[in-house]
Structures are given as C-alpha cells and as structure tokens.
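**Student:** Model the following, please.
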Amino acid sequence: MKNIGLGAFVAASFLGAGLALAADAKLPGQLAWTAYGTGSAGYNQSVAIGAALKNKMGVDLRVLPGKNDIARSEPLRQGKVGFSATGVGGSFMAQEGVFQFGAKNWGPQSVRTLMANNGGAVGLSMFVTADTCEKVGKKDCVGFEYSDLKGMRVAYVKGAPALNVNNQAYLAYGGLTWDDVKIVEFGGFGDSWAGMINGDVDAAFASTNSGKVYEAENGPRGVVIPPIDPNNKEGLARMQEIAPFFTPMNATVGATIDGKQPRPTAGYAYPVLIAMADQDPDLVYNMTKAMVDLFDVYDGNAPGISGWSKDKQNFSWVVPYHDGAVRYWKEIGLWTDEANAHNDNLMKRQAALRAAWDQLSSQNPENWEEAWDKARRDALKAGGFGVVF
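**Tutor:** Modelled structure (predicted):
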C-alpha cells in the first residue's frame, strides 16, 4: 500500500500554491479525498470544507466523487488520495472484510478514523415515493409503514454494501427480507435516485439532507420517510441485528423536514473522515486540527454540516482512530482513558481479522466466500469480539 506522507505532499505543493498555514495547523497546498457522488450530503459537505480550506489556508482540496464504496475506497488504499469522507461501508465494512470487501483482492482493511459527523439532526433513511403509498391504499401516506413495502421495488446499488445493508435493515424493521420485495439494481447512488424520480423503483436509501432527495421531493412522485418507532423493540432488534450502528433519532434537517415537524427515523455517523493506518501521522494530525480550527468557517454552508463540531465527536465508535488524530484529540483534552482502551480493542479486532485473512490466503481454498465467512467468524469469536454480519 502506498503511503502518502506529509513530506511528499509538501514537495508537490511547492510546485503550486506552497505550504499553507491556518493558526499553527500545517497542510500542503494540495489535498485530495474521495466522497459520495455529486449531490450527496457527503459530497456537498466536502465541497464546503474545501472552500474553507481554500479561503482561509490557501489549500486546494480535490473531492473525487465515487459511485459506491469500492470506488471511494480504491483510491484510498492505492495512496492516490489521503483521505475519504465515507460512510459505514468504506469504514466499518471495509474493516470487517465483508460483502465486496470480502473478495480475494480486498480483505479487511486497516482504516482509521480522524473524526465524524455526529450531528443528530440528519437521518439516514429508506425513503419511499409518495405514489407508492397509494398502491396500498394509504392516501397522503398516512399510516404507511415499512411493512407495506412487501412486493414493492427496492433499490440495490452494486458495489455499495453500506447502502444495501441499510435498506435490508429498514426492511427487517418492517418484518421483511430481500425475498419479500422486488430488487432493482443500479450502478451507483445517484442512479438509484434517478430511478426514484423516473418511476423505476419505489424505495431507496439516503441521508435526509442529500441533494438527490431534495430533487426527488420536488419531482413528480415526491418522497416520504416512513416512521421508526423507538418503542418498537422487536422491530429495532431486527434492524440492529442487520446493522448494529443504527439508533432511533428524530431528524430535523432534510427533504420533507426543513421548517416542519421532525421525522422519527434512524441514523449513525455520516460522513466519516478516514485514512489508512499507515498514513503520515503528521498529515493526519494537521488535517484533524484544520477541520476543527475551520469549523466556524464551513459550519452552515451545507445541510447537516454542524455535526462535525468537536463537541459532537464519538470516541467509542466502531472503527479505531488514527494515531495522528489521537495526538490531536489528546492535545485539546477530549481523549480519555476509556477512549484509549476502546481504541486499543478495535485495533486488536482489526489485527485478528487481518491474521485470519492472511492465514486463509496461504491456504487458497476454492470456495473462498464460504471459507472466509467461517474463518472470519471463528477469529472474532476466538478473540472475544462481537460477531457482526
């Protein structure tokens, strides 16, 4: 894996804009990271952060949109970008080596967190078109529930396990599985939402503040968010068995919500800014510091962006933090002994998964998918780690 060190970036920056400074944060003149596709919340927030970096530090941030988790992760592991503003697919599922990341050319990835958007205002929901409600006799979508999606068309994005698992989790909340709906495959997130507008599919997943959802809201079919009831213990248990990172919440920002009644739905940290474990600690430290230093500059410049505040960080998340980021969070007094113990355990989890992968690779079994599924579960159980997926 190619490591992009701060020195290499600095050398390149002297050819262009030179080394930029904001307070005592030091970043090269040019940076690049991947994000979700254009129009997504992750992309819009990345652009807003890039504008702040440019205006206050003279740093050019190139945001590379990726249609799915693999497209966002490949440049990161190849060292073509330093960071990725991703979701649970490019972070947690990449760490776990599951779904597309379980393919022979991938495996569990040593990804590390810098910080994440934990706004609590933006939901991550399966949306349904308003005309879909009419198919089951729910006029104006009053009383429509996820269980009503039985027999309906649900988006499945190739190469995007996070989106698909999220849809699966919402179906599970409604007591459904993929076998209960009609799967409609798309090549990317944006394509799935074009399908929502064009009438090709009835339900698709997105953050409530995604530009694609706003577009669909104003389209001919409209969109709605079926409610998640925090008191539905059985439904939530089914949901969290599929996707343990989901929790009930009330979304106050997004399509169909802004200026209106909050929507009871579910959510998790998104976007999550990550790097590979071998990324230059100094670069990671300064990127984290710049994100915090410039927060007041980019706050308010994209829907839901306020969740990047240092006061909203969760140091007990499911992916470990990078050493460079830990150095910064310690420096400003937010890193605790409990956070450190949790982080150490997550790194041991990654090491156990990697060791299991390497051992299986040396055996090179023909039935790779089945063999890795068993080896992965066995390694997690042996290490005393929770088994997910």
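**Student:** For the chain, just list every one of the helices.
**Tutor:** Shown for the chain, the helices assigned by DSSP state H span residues 6-14, 41-57, 69-77, 94-96, 130-135, 161-173, 189-198, 211-217, 233-242, 281-293, 295-298, 323-331, 337-363, 368-382.
**Student:** out of those helices, which comes closest to Ala32?
**Tutor:** helix 69-77 (7.9 Å; CB to CB). Backbone N, C-alpha and C define where each C-beta goes, glycine included.
**Student:** Measure how buried the closest residue to Ile49 other than its chain neighbours is and give me the count.
**Tutor:** Nearest residue to Ile49, sequence neighbours excluded (CB to CB, 6 or more residues apart in numbering): Tyr298, at 5.1 Å. For Tyr298, the count of nearby residues is 23 (other CB atoms under 10 Å).
**Student:** ditto for Gly222
**Tutor:** What Gly222 shows, counting by other CB under 10 Å, is a neighbour count of 20.
**Student:** In this model Ala216 seems to touch it, though I could be wrong.
**Tutor:** Yes: assessed by CB atoms under 8 Å, Gly222 is found in contact with Ala216 at 7.5 Å.
**Student:** shared neighbours, these two?
**Tutor:** Residues touching both Gly222 and Ala216 (CB atoms under 8 Å, 6 or more residues apart in numbering): Thr129.
**Student:** Can you add distance to Ser306 and mean pLDDT and give the helices of the chain back as TSV?
**Tutor:** Formatted as TSV, the helices of the chain follow (distance: least, CB to CB, whole Å; pLDDT from 0 to 100):
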stretch	distance to Ser306	mean pLDDT
helix 6-14	29	41
helix 41-57	10	96
helix 69-77	23	96
helix 94-96	27	96
helix 130-135	29	91
helix 161-173	22	93
helix 189-198	23	96
helix 211-217	17	94
helix 233-242	26	94
helix 281-293	13	98
helix 295-298	9	98
helix 323-331	19	98
helix 337-363	22	98
helix 368-382	35	97
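**Student:** do you know which of these lies nearest Tyr270?
**Tutor:** Judging the helices of the chain by CB to CB, what sits closest to Tyr270 is helix 41-57, at 6.9 Å.
**Student:** Tell me the buried residues in that closest one?
**Tutor:** Neighbour counts using 16 or more other CB atoms under 10 Å place 41-53, 56-57 of helix 41-57 among the buried residues.
**Student:** Could I get the contacting residues of Pro220?
**Tutor:** Residues near Pro220 by CB under 8 Å, 6+ apart: Ile197.
**Student:** Give me the pLDDT for it.
**Tutor:** At Pro220, the model reports a pLDDT of 94.
**Student:** just Tyr156 next, same as before
**Tutor:** We have a pLDDT of 97 for Tyr156.
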